[in-house]
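In: No sequence on hand, only this structure:
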């Protein structure tokens, strides 16, 4: 499973906040198309990844990698791979587990090794000069399970850039982090940073990076989800201060596992920032009856290196806004929109900033989708979202070779243009007991029906 949402990783020189407005924004589906890419009928892709700009799709079976140029998708025709990496190019006797792609780097995780390639000037995978290839299994004592890449989209005045690769594993050595740096070419530090978690008894099956943080843009947060649906957070800002990196935070109510938690399944964790720099996570879940696992938004913190302390707040998204089977989610680059792949449909929600708080408009847009998971324990889904020509572009893929492209008319702000370093426009409300509605006129109490304006707008609020 892979997510990609460009321009979420950069927040220094932040511009002033913006909002969509007080009325429900005029969002509508402008177009929807389905395509197919080539795959073997007798096998499905176990992992797919879409580049942040929506141009490249990388798909993996257990024995080979295929790269597709999504600029050549044609309705009614099956798109062939423009490049294939077969098992002869991979470590002997090893099977592929997952792939990931950033703006200029492709990573492949096998049963015990990590292979990292750069994209050449022709934008193919440069298999002749790998950035890194080698075992990361610690002599066979550690089994890798999940993979993600974080790459900064801009360079410093000296033309240098950097990135991180996260590999989730098992037990106390929960995640291993490898640093990438760009000068004239990409290089990778073979010495990994270990993110420990003494309470982790399962395997880290999902890993994710936060956008860059205000007081240390070089060291993001790392999130991991284990096989028991426990979410852990590590603050890499400790590395820049000579500190170790132990678990820094857990979401509310997930410190102890249980049968009711394990019956459901967290399918994605998407970190994002409010305009004030407060980190949040958007969590999607495939629920079952009786499960405590649900889709929600929660503020991350307090953390050790926060500029200011954060009050905890968690908001479970009601079922009239999101289905019980959310298979994948992401956030748009401007921080306005949540996009989900659900069973038999996709959905677009508006995440609204209002007077310092986060809110969902009740209006949503949804459309049919044939995207499915490869298997119960193998997602095979990936998605990328970006803005182009005043529209929100969405492209998603599954392990059966199906591609869905959609365009939505969705208002945004000038500060969220693709070249902007602003990561979100949401404001945050001060802590209040309950906010269920914002009206044109005041009411006696939250939820009161008296003195309401006919033009009132309903919100679901993630309280700050």
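Out: Perfect, thanks for sending it. Please read these numbers as outputs of a predicted model, since none were measured by experiment.

In: thought residue 164 was touching residue 150?
Out: Yes - applying C-beta atoms under 8 Å as the test, residue 164 and residue 150 come out as touching, 4.6 Å apart. Backbone N, C-alpha and C define where each C-beta goes, glycine included.

In: which neighbours do these two share?
Out: 209, 220 (C-beta atoms under 8 Å, 6 or more residues apart in numbering).

In: Comparing these two, which residue is more hemmed in?
Out: Using other C-beta atoms under 10 Å as the criterion, residue 164 and residue 150 rank with residue 150 on top: 24 against 21.

In: pLDDT (mean, whole number) over stretch 393-402?
Out: Averaged over stretch 393-402, pLDDT sits at 96.

In: Assess the claim that residue 322 and residue 347 are in contact.
Out: Yes - contact criterion C-beta under 8 Å: residue 322 and residue 347 qualify, at 6.7 Å.

In: Tell me which of the two has more neighbours.
Out: Comparing residue 322 with residue 347 by other C-beta under 10 Å, the one with more neighbours is residue 322, at 23 against 19.

In: how close does the more buried one get to residue 287?
Out: 10 Å (C-beta to C-beta, to the nearest Å).

In: Do a quick rundown of the strands in the stretch 201-350 of the chain.
Out: Using DSSP state E, counting those that start in this stretch, the strands of the stretch 201-350 of the chain run over residues 204-209, 221-226, 231-235, 247-249, 265-273, 279-286, 296-299, 314-316, 326-331, 337-342, 345-354.

In: Sheet partners, orientation included, of the second one?
Out: Strands flanking strand 221-226 in the sheet, each with its direction: strand 204-209 (antiparallel), strand 231-235 (antiparallel) (DSSP bridges).

In: Ok, the last one next?
Out: Sheet pairing of strand 345-354 (DSSP bridges) gives strand 337-342 (antiparallel), strand 357-368 (antiparallel).

In: Which one, of those strands, ends up nearest to residue 236?
Out: Closest to residue 236 of the strands paired with strand 345-354, according to C-beta to C-beta: strand 357-368, at 24.4 Å.

In: Quickly find the element holding the closest residue in space to residue 192 that isn't next to it in sequence.
Out: Excluding the flanking residues, the one nearest residue 192 by C-beta to C-beta, 6 or more residues apart in numbering is residue 176, at 4.1 Å. Residue 176 belongs to strand 173-182 when assigned by DSSP states H and E.

In: So which residue is smack in the middle of this structure?
Out: Nearest to the geometric centre of the chain sits residue 270, at 3.8 Å (C-alpha atoms, centre = their mean).

In: So what's the residue count around residue 362?
Out: 15.

In: so it touches residue 321, yeah?
Out: Yes - Residue 362 is within contact range of residue 321, at 7.2 Å (criterion: C-beta under 8 Å).

In: how far is stretch 60-74 from where the chain is centred?
Out: Its chain's average C-alpha position is 21 Å from that of stretch 60-74, according to C-alpha atoms, centre = their mean, to the nearest Å.

In: Please apply the same query to stretch 58-67.
Out: 21 Å.

In: measure it end to end?
Out: One end of stretch 58-67 to the other measures 5 Å (C-alpha to C-alpha, to the nearest Å).

In: repeat for stretch 32-50
Out: Span of stretch 32-50 from end to end, C-alpha to C-alpha: 18 Å.

In: Make 751 the first number, not 1, from now on.
Out: Yes, from this point I'll number from 751; that puts the last item at stretch 782-800.

In: Give the rounded mean pLDDT of that stretch.
Out: According to the model, stretch 782-800 has a mean pLDDT of 89.

In: Quick check: buried residues in that stretch?
Out: 784-785, 787, 789, 794-800 (16 or more other C-beta atoms under 10 Å).

In: Could you pull up the mean pLDDT of stretch 1034-1047?
Out: Averaging pLDDT along stretch 1034-1047 yields 86.
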